[in-house]
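**Q** coordinates only, no sequence provided:
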Ligand SMILES: Cc1cc2nc3c(=O)[nH]c(=O)nc-3n(C[C@H](O)[C@H](O)[C@H](O)COP(=O)(O)OP(=O)(O)OC[C@H]3O[C@@H](n4cnc5c(N)ncnc54)[C@H](O)[C@@H]3O)c2cc1C
C-alpha cells in the first residue's frame, strides 16, 4: 500500500493550486451574482489540459486517470474555487470525454475527444426525467430506428450546461421495459444546438455560474453512428459515468469543505469576543475537528474508488467505494460548512464572506448526483447483502 502521490500527481496538484489562486472566491461570487459562466476559468483549464486529463495522448489529452482528475478537482475547489472548481470538469470531462474514452467507437473518439481535451467544446448529460428521477430505469425518452437514422423523443429535467454545450449524452429507451429492467436502455451522442432540442433554464438555489435546464426533445434525428454501443446495453456502461460523477462530486465536497474550514480556522484565531480568541473554545473546535477527520477518511475511500476505477475493477466494486465515500463526505462537508458559518457569527450570513454560497453549493450534494438515500440503499443492498427495500 502506498499513500504517496507520484511526481506527476504532485505537479498536477501544484498546477491546480496555481490556477485556483488566480480564480479566488471573489471571482465566483461576482460570477454567481451576475449569473455569468466562468469563461476565463474555462479558458484557463482548457489551456492547462485539465479538460483532457482522462483523454489518451493520441487524442490530445494527458493520458491519465480518474485519480488525477480527482486531485485536480479537489485542489481547485479547496484553494478558492469551491464547487466551481469541479462543476465544469464534471459536465465536459466526466459526462463527455470519460464516457467516450471508456465506451465510444473509434469514430466517436476521433470526432469528440480532441476538441473536448482542448476545452473547445462543452458537454452535458441528459439522464434525469420529470417522471424518472431517482428511478432512472423508468426512462421514457424513446429512440426509434428507421430509414438509417435514430429518432428521439422525450423530456429531460435538471440538465446542467445544456444551454451552452456542443454535445449531449442522451439516455433513452430503445426496447420496452420487460424481462430485465436494465435491458433496453441505450446511450446516444447528439450535437447541439439542434432545433429539435428546446432548452429552458430552471432558476435555482446555487451554482448560478452555470444553468441547469429543462430539455424537450421532439423528433431529434441522429445518424446511426450516434449510438454508443452496445444497443440496449447502455445502462451498464452508464454506470461507469455515474460512478465517476459520484467520485467527482465527493472530491468537490471535500475541497469546498477544506476551503470553508481553512477560512474559519484563520478567522477564529483572530476574532476575540471575550478575553480569548474564539478559536480557543472547544465548542467550536470539536465539530470542525470531527468534520475534518471524517472528510479525510472519505477522501481515502474516494481514492480507493478511483484506484479501482482506473484498474477497471467491476462496476459494483467501484460503486461500493464511490457510494460509501459520497455518503460520508457530503454529511461531513455540510457539517464543516455549517460550523464555518457559525464561527463567523453574523458575518457568515453576509455574501462577501462566501460561506453562504459554499453552503448553498454543498447542500446540492444531498440531492445530486445521487441522493443520500439512494447511496445508502446501494450500500445496504450491494455491500451488506440486505434485501432490496423498494420495487422498481
Ligand atoms: C442543480 C442540479 C443539477 C443537476 N444536474 C443534472 C444533470 O446535469 N443531468 C442529469 O441527468 N440530472 C441532473 N440533476 C438531477 C439529479 O440527479 C436528480 O435531481 C436526482 O437524481 C434526484 O432525482 P429527483 O429530483 O427526481 O428526486 P426523486 O427521485 O423524486 O426523489 C425524491 C426523494 O425521494 C427519495 N427516494 C426516492 N426513492 C427512494 C428509495 N427507494 N428509498 C429512499 N428514498 C427514496 C430520494 O432520496 C429523494 O430524497 C441535477 C439536479 C440538480 C438539483
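**A** Received, thanks. Computed from a predicted structure; not experimentally measured.
**Q** what secondary structure does residue 151 sit in?
**A** The three-state assignment at residue 151 reads strand, by DSSP: H, G, I helix; E, B strand; the rest coil.
**Q** count of residues packed around it?
**A** 17 (other C-beta atoms under 10 Å). For glycine as for every other residue, the C-beta is placed from the backbone atoms N, C-alpha and C.
**Q** what pairs with it across the strands?
**A** residue 144, residue 221 (DSSP bridges).
**Q** which stretches in the stretch 151-300 of the chain count as helices?
**A** 234-270, 282-310 (DSSP state H, counting those that start in this stretch).
**Q** for the first one, buried residues please.
**A** By 16 or more other C-beta atoms under 10 Å, the buried positions in helix 234-270 come out as 234-235, 237-238, 240-261, 263-265, 267-268.
**Q** do the last one as well
**A** Along helix 282-310, the positions that meet the burial threshold by neighbour count (16+ other C-beta under 10 Å) are 284-285, 287-288, 291-292, 294-295, 298-299, 301-306, 308-310.
**Q** next one: stretch 48-57
**A** Those would be 48-55, for stretch 48-57 by 16+ other C-beta under 10 Å.
**Q** and stretch 18-38, by the same measure?
**A** Those would be 19-20, 23, 25, 27-29, 31-32, 37-38, for stretch 18-38 by 16+ other C-beta under 10 Å.
**Q** what's it in contact with?
**A** Outside stretch 18-38, the residues within contact range by C-beta atoms under 8 Å, 6 or more residues apart in numbering are 40-41, 44-45, 48, 50, 75-82, 84-85, 88, 164, 206-210, 259, 351-352, 354, 357.
**Q** switch the cut-off to 7 Å
**A** Under the criterion C-beta atoms under 7 Å, 6 or more residues apart in numbering, residues 41, 44-45, 48, 75-76, 79-82, 84-85, 164, 208-210, 351, 354, 357 lie in contact with stretch 18-38.
**Q** what about residue 198, distance to residue 156?
**A** 11 Å (C-beta to C-beta, to the nearest Å).
**Q** looking at those two now, which is surrounded by more residues?
**A** Of the pair residue 198 and residue 156, residue 156 is the one with more neighbours under other C-beta under 10 Å, namely 27 against 13.
**Q** which one of the helices of the stretch 151-300 of the chain lies nearest to residue 363?
**A** The closest approach between residue 363 and any of the helices of the stretch 151-300 of the chain, judged by C-beta to C-beta, belongs to helix 234-270 at 10.3 Å.
**Q** mind giving me the packing neighbours of that closest one?
**A** helix 66-76, helix 84-89, helix 99-103, strand 185-191, helix 282-310, helix 315-343, helix 355-363 (3 or more C-beta pairs under 7 Å, 6 or more residues apart in numbering; DSSP states H and E).
**Q** many thanks, we can stop here.
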